[in-house]
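Enquirer: okay, sequence plus prediction incoming.
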2 protein chains.
Amino acid sequence: MLTAKGAATRDRIVAAAAAEIRERGVGAVTLDDIGRRSGTGKSQLFHYFPEGKEQLLLAVAEREADRVIEDQEPQLGQLTTWEAWREWRDVVVEKYRRQGVNCPLGVLITEIGRHTPAAQAVTGKLLAQWQRRVQAGIEEMKAAGKIRAEVDPARASAALIASIQGGVVILMSSGSAKHLEYALDLCLDYLHGGVTAS
Amino acid sequence: MLTAKGAATRDRIVAAAAAEIRERGVGAVTLDDIGRRSGTGKSQLFHYFPEGKEQLLLAVAEREADRVIEDQEPQLGQLTTWEAWREWRDVVVEKYRRQGVNCPLGVLITEIGRHTPAAQAVTGKLLAQWQRRVQAGIEEMKAAGKIRAEVDPARASAALIASIQGGVVILMSSGSAKHLEYALDLCLDYLHGGVTAS
């Protein structure tokens, strides 16, 4: 358990590492660079990250995963009207359109090793958090009679998260956000279908 | 333009390279291994692939991309009844469930360089072919009155392809096919919705 001061130092190190990696790429960044940017000595770096760069990269990946959710707030946390859903849809498309072919989290996951348990834990936790919020939105809309009773919130939210992932993967290889837009639109049309209440 | 005999030799080299890579991983395979397996000398290898291993890897990637489509036939080419759509859905899920976390095409694309024009041409062509077949199926179902008039075949097929991509990406990191299944089911429910003809 870290003290408040310890947690602040650790955060500063992770933030410095994230900034260095975003600016110069994960391959080029050394612990010395991160120490310099965060104003932290080597011994302090190893105090917080005794396993070195690998462990620090994982902390940066966790931070980038948190940002994926934060970038969709406040819309993602209040999906209670169709207007809110459409706003959220636009926020997601815009975020990934701006990001283009470079995914900061994807770079880190590749570096840590896509098939390692540590990397899988980061992506697994992110997808689960994301999906839970979408599911909560579907449940609220169902309770309000705005989504028909047959829609299964758990399945529909899983499908929606998969659609976004696929749209982003295609955006990263093609440079176009069209697939992401159409995939989100189809899911929203599906959710909206068969109910006339607005 | 290759003669029939030349094309056959080239195919044999590409097939040997694909088999070596599947068995031993792209990093471990040398041109010597491929020459041995295909019964081809170095000078013949360089006759067909003057730029060496890179060029051969690209040919293997094209072959693996063709297999992605072939593995979905005959179902993908005859999406004219709801039964055919459900069969195709099961074929896709089963193919990727069997494949698990290892994507032969993904490995090659990563090796060639995800952001290179050559790699992007291979994935772009595959997605376009795949999407065209799904779109043709939606158009036939619309013409037969089995899909409602408001459904846009180009957009819906793009959304479907994105959903599959996303489901497969999640399967490759989680080991579970649930997201792929729910994403396909949502799209099929969307297509099926609002029409009572079977």
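Expert: Noted; the coordinates are in hand. Only a predicted model underlies this, so the values are computations on that prediction, with no experimental measurement involved.

Enquirer: could you chop chain A up by domain?
Expert: Here the domain parsing of chain A from automatic domain parsing is A:4-50, A:63-192.

Enquirer: same list, the ones you listed, but as TSV with distance to chain B and mean neighbour count please.
Expert: Where you see a C-beta, it was placed from the backbone N, CA and C, and this is true even at glycine. Listed next are the domains of chain A as TSV, based on distance: least, C-beta to the nearest C-beta, whole Å; neighbours: other C-beta atoms under 10 Å in any protein chain shown:
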stretch	distance to chain B	mean neighbour count
domain A:4-50	13	16
domain A:63-192	3	18
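
Enquirer: format those domains as a markdown table; extra columns: mean pLDDT.
Expert: Listed next are those as a markdown table, based on pLDDT from 0 to 100:
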| stretch | mean pLDDT |
| --- | --- |
| domain A:4-50 | 91 |
| domain A:63-192 | 93 |
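
Enquirer: figure out which of those domains is closest to B:Leu2.
Expert: Among the domains of chain A, domain A:63-192 comes nearest to B:Leu2, with 29.4 Å by C-beta to C-beta.

Enquirer: check the offset of that closest one from the chain's centre.
Expert: Relative to its chain's centre, domain A:63-192 lies at 8 Å (C-alpha atoms, centre = their mean, to the nearest Å).

Enquirer: with stretch A:14-25 instead?
Expert: Averaging C-alpha positions (C-alpha atoms, centre = their mean) puts stretch A:14-25 17 Å from its chain's average.

Enquirer: nearest residue to A:Lys170 in space, ignoring adjacent ones along the chain?
Expert: Lys isn't right for residue A:170; it's Ile. A:His179 (4.3 Å; C-beta to C-beta, 6 or more residues apart in numbering or on different chains).

Enquirer: pretty sure the one you found contacts B:Ser163?
Expert: No - if you go by C-beta atoms under 8 Å, A:His179 and B:Ser163 don't touch, sitting 9.5 Å apart.

Enquirer: anything in contact with each of these two?
Expert: Counting by C-beta atoms under 8 Å, 6 or more residues apart in numbering or on different chains, the contacts common to A:His179 and B:Ser163 are A:Gly166.

Enquirer: downstream of the helix or strand containing A:Ile69, the next helix or strand is which one?
Expert: A:Ile69 belongs to helix A:53-70 when assigned by DSSP states H and E. Per DSSP H and E, helix A:53-70 leads on to helix A:82-99 as the next helix or strand towards the C-terminus.
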